[in-house]
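*Asks:* next come a sequence and a model predicted from it.
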Amino acid sequence: MTAQQASDDIIICRDVHKWYGDFHVLNGITATVRRGEVVVVFGPSGSGKSTFIRTINRLEEHQRGQIIVDGIEMTNDLRNIEAIRRETGMVFQQFNLFPHLTVLQNITLAPMWVRKRTRKEAEATAFQLLERVGIQEQALKYPGQLSGGQQQRVAIARALAMQPRIMLFDEPTSALDPEMIKEVLEVMKDLARSDITLVVVTHEMSFAREVADRMLFFDKGQIVEQGSPEHIFTNPQHDRTKLFLSQIL
Amino acid sequence: MSSTELPVSRLKPPGSSVNALDWLRRNLFNGWLNSLITVLLGALVIWLLYQVLGWAFTTAVWTPIPTNLQILMTGRYPSEQVWRVQICLALLLLLFGLSAGVWGGILRSIASGLAAGALLLAIMPFTLQTRLVLAGLVLLVGAGFIVGSRSRHHMRRLTIALWFASPAIMVVLLRGFVGVPGLPYVDTGLWGGLLLTILLAVVGIIASFPLGVLLALGRRSKLPVVKGFCVGYIELIRGVPLITVLFMAMIMLPLFLPANVRVDNLIRVLVAITLFSAAYLAENVRGGLQSIPNGQVEAARALGLNVFQTTLLIVLPQALRAVIPALVGQFISLFKDTSLVAIVGLAELLGIADIVIEQPAWLTVPHGVHREVLLFVGLVYWIFCFSFAQISRHLETRLGVGTR
Ligand SMILES: Nc1ncnc2c1ncn2[C@@H]1O[C@H](COP(=O)(O)OP(=O)(O)OP(=O)(O)O)[C@@H](O)[C@H]1O
Ligand SMILES: [Mg+2]
């Protein structure tokens, strides 16, 4: 199980630490994610889940330890950071679409400026992606004219347009009304079946049960327990995991 | 009529059917105190109007304005060369007409406003020549509009190119060249009146724009030196009045320059105005920058855009949109502040007004003509500033400021 799969590791975190002032947000995170794997991160509020996935694309800087993404080590070198960001897409709780651009422009912006695609190519890809997330008829609208669920699907399409190997989701459905959560989760399940690697912070346990390969339980800046959904839901080892699951299920 | 019909459906929302009498009663005559105030204030307004209009149509001497219209508009620019100013004006109006045809929208309102203004002036009792020129300008706006809207595609590039080239064309045209017979040199010291006012304000705001944006960005920089310089500059300039900066440019600047380098007065004033205005612009833009949520930058960076692209494509467009009202407000105050250059010897609109008032021809007028001339100048300022404010209001709604 070792030699061959080690080279298949797309995200490697070794003893990652981070402090906000004196507050130890990440306290020695060691974790690996394999190519194509779907990893769900969950745990109590303030346990450092967001901080953790934001260190993977350097929206947050870690202060100790090592992070290697797709073979590129995260250093202070801006070129490394930008190379990693090109390979990772991110979807935020608050969508963070660009309100002054149309849906189409939101999606084509990065491919044109970062990947140097022509407008034609970028738009062709954008329309395919909009179809994939089921809102091709909204291409010329502005984000403010869409529902929350539609906006989040645009955000997913925008991230996918860069053809990332990794997609990071930080509570993508927490800001949505219940009836819109489903449409976003459907899109994410579709992604889970593709060969993109997903790291998803979420409390949607049905989603985790259905598509996760592995689940990481965070508490107080540490990974307290990890394992398959089967293991986590039926046979959790730690009291804190049991307690947390009993509270949210 | 069946009894099941709901009477509620006939209820109109309150306030939907107010007739004039109702409105009067509700707003002006509700209670004896309000009625009394209304009557008193009404009487005061009528009395004031009567006095002002009576003065304007009987005692006031308006002749200084039509007879001096040319110097009010262009200062001491040589009479036989004024056609050059008129060509500049024609170029501008043509460009507005073209743009209105090509892009429509707000530009169309601006162009129709300009045409209406010129038409209004053309029916005023100016000299026949002036009125013909004004009528010609109206026709030019119309012609530009028709050409622009007929062949939108071809004219788009040309119009943009013309806009960018127009400042250079105008400066060359107005200034001319030494020794060129058709286009003799006209010293910038002779440029004056409304021409100079507009020139100072427009060049000032355009030149201070990039500088102000850079200062605003620099103020948020993580590099202490850059940040320190920007903060220092902004606070220094905002701490002194414009007039000080103007005097510095006129009197102090030559002390720092080698004796054989002489900088044109107009350029010195323009530099002073630009440096001054940039500090205020920077503060306005900073307000806009602060209103952009951090998530916008994070999203852009997560997509792989670099710092430069993030600023240029994501942050600035939103920040500038948010501060359009403030920027227009600043332009309006700059437009009025240009009147200060009269103190350092440039005769813009207000400076010319002073000259006109002092003309010997009006010595025989019992109370002098300063009321009439200043009223006219005030009206010109008001028309411009009011129009800017209107345009800004249109822009705001069209760009959806405040709606995210
Ligand atoms: N910029 C910051 N400065 C100081 N403290 C911060 C900052 N950002 C986050 N924190 C703190 O770090 C801790 C971890 O935050 P993080 O956002 O990673 O938690 P989380 O697990 O994602 O929680 P949630 O489920 O509420 O999103 C929290 O206690 C938070 O208050
Ligand atoms: Mg979080």
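*Replies:* Received the coordinates, thanks. Ligands and ions are numbered 1, 2, ... in the order given.
*Asks:* skipping its backbone neighbours, what lies nearest B:G212 in space?
*Replies:* The shortest distance from B:G212 to any non-neighbouring residue, by Cβ to Cβ, 6 or more residues apart in numbering or on different chains, is to B:L281 (2.9 Å). To be clear about C-beta, it is placed using only N, CA and C from the backbone, and glycine gets the same treatment.
*Asks:* let me fix that: B:V365
*Replies:* Nearest one to B:V365, counting by Cβ to Cβ, 6+ apart, is B:V61 at 5.2 Å.
*Asks:* isn't that neighbour up against B:V373?
*Replies:* No. Assessed by Cβ atoms under 8 Å, B:V61 is found out of contact with B:V373, at 9.7 Å.
*Asks:* get me the contact residues on chain A for ligand 1.
*Replies:* A:Y20, A:F23, A:V25, A:S45, A:G46, A:S47, A:G48, A:K49, A:S50, A:T51 (Cβ under 6 Å from any ligand atom).
*Asks:* JSON lines for the residues you listed, including secondary structure and neighbour count?
*Replies:* Converted to JSON lines, the residues of chain A next to ligand 1 look like this (DSSP: H, G, I helix; E, B strand; the rest coil; neighbours: other Cβ atoms under 10 Å in any protein chain shown):
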{"residue": "A:Y20", "secondary structure": "strand", "neighbour count": "11"}
{"residue": "A:F23", "secondary structure": "strand", "neighbour count": "10"}
{"residue": "A:V25", "secondary structure": "strand", "neighbour count": "22"}
{"residue": "A:S45", "secondary structure": "coil", "neighbour count": "7"}
{"residue": "A:G46", "secondary structure": "coil", "neighbour count": "14"}
{"residue": "A:S47", "secondary structure": "coil", "neighbour count": "23"}
{"residue": "A:G48", "secondary structure": "coil", "neighbour count": "26"}
{"residue": "A:K49", "secondary structure": "helix", "neighbour count": "23"}
{"residue": "A:S50", "secondary structure": "helix", "neighbour count": "20"}
{"residue": "A:T51", "secondary structure": "helix", "neighbour count": "21"}
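*Asks:* helix or strand, whichever it is, which one in chain A has the lowest mean pLDDT?
*Replies:* Ranking every helix and strand in chain A by mean pLDDT, DSSP states H and E puts helix A:3-6 at the bottom, with a mean of 45.
*Asks:* let me know the pLDDT of the residue lying closest to B:I343 once chain neighbours are set aside.
*Replies:* Among residues not flanking B:I343 along the chain, B:I243 sits closest, at 6.4 Å (Cβ to Cβ, 6+ apart). For B:I243, the pLDDT comes out at 91.
*Asks:* one more: B:L40?
*Replies:* For B:L40, pLDDT reads 93.
*Asks:* now it: how far from ligand 1?
*Replies:* The gap separating B:L40 from ligand 1 is 61 Å, by Cβ to the nearest ligand atom, to the nearest Å.
*Asks:* helix or strand right after the host helix or strand of that residue?
*Replies:* Following DSSP states H and E, one finds B:L40 within helix B:32-54. Per DSSP H and E, the first helix or strand lying C-terminal to helix B:32-54 is helix B:64-67.
*Asks:* re the thing from before, now do the residue nearest to B:V365 against chain A, distance only.
*Replies:* Noted for B:V61: a distance of 54 Å to chain A, by Cβ to the nearest Cβ, to the nearest Å.
*Asks:* phi first, then psi, for that residue.
*Replies:* With angles defined as degrees, to the nearest 10, B:V61 sits at phi -110, psi 110.
*Asks:* contact partners for it?
*Replies:* B:W362, B:V365, B:V369, B:E372 (Cβ atoms under 8 Å, 6 or more residues apart in numbering or on different chains).
*Asks:* which of the residues you listed are buried?
*Replies:* B:W362, B:V369, B:E372 (16 or more other Cβ atoms under 10 Å in any protein chain shown).
*Asks:* and stretch A:58-77, what's buried?
*Replies:* A:R58, A:L59, A:E60, A:H62, A:G65, A:I67, A:I68, A:V69, A:D70, A:I72, A:M74.
*Asks:* which residue packs closest to the last one, ignoring adjacent ones?
*Replies:* So the one you mean is A:M74. A:I67 (4.2 Å).
*Asks:* swap in the second one?
*Replies:* In space, not counting the residues next to it along the chain, A:L59 is nearest to B:E298; the distance is 5.4 Å by Cβ to Cβ, 6+ apart.
*Asks:* name the helix or strand for the one you found, please.
*Replies:* B:E298 belongs to helix B:294-302, assigned by DSSP H and E.
*Asks:* hmm, who's touching the helix or strand just after that helix?
*Replies:* The first helix or strand that comes after helix B:294-302 along the chain, using DSSP H and E, is helix B:307-309. Applying Cβ under 8 Å, 6+ apart, the external contacts of helix B:307-309 come out as A:W113, A:V114, B:A300.
*Asks:* picking up where we left off before, the residue nearest to A:L59 contacts A:Q94, doesn't it?
*Replies:* No. Using Cβ under 8 Å, B:E298 makes no contact with A:Q94, being 9.8 Å away.
*Asks:* give me the buried positions along the one helix or strand B:V269 maps to.
*Replies:* If you go by DSSP H and E, B:V269 is part of helix B:265-290. By 16+ other Cβ under 10 Å, the buried positions in helix B:265-290 come out as B:265-266, B:268-286, B:288-289.
*Asks:* on that earlier part again, with distance to chain B and pLDDT as extra columns, can I get the residues of chain A next to ligand 1 in CSV?
*Replies:* Converted to CSV, the residues of chain A next to ligand 1 look like this (distance: Cβ to the nearest Cβ, whole Å; pLDDT from 0 to 100):
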residue, distance to chain B, pLDDT
A:Y20, 15, 95
A:F23, 19, 95
A:V25, 17, 96
A:S45, 19, 94
A:G46, 19, 93
A:S47, 20, 95
A:G48, 17, 95
A:K49, 16, 96
A:S50, 11, 96
A:T51, 13, 96
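*Asks:* tell me the bridge partners for A:F42.
*Replies:* A:F217 (DSSP bridges).
*Asks:* show me the contacts for it.
*Replies:* Applying Cβ under 8 Å, 6+ apart, the residues contacting A:F42 are A:K49, A:V201, A:T202, A:H203, A:M205, A:A208, A:M215, A:L216, A:F217, A:F218, A:F244.
*Asks:* contacts for stretch B:373-380 next, please.
*Replies:* Counting by Cβ under 8 Å, 6+ apart, B:P64, B:I65, B:L72, B:L194, B:L349, B:L350, B:A353, B:V356, B:I357 sit against stretch B:373-380.
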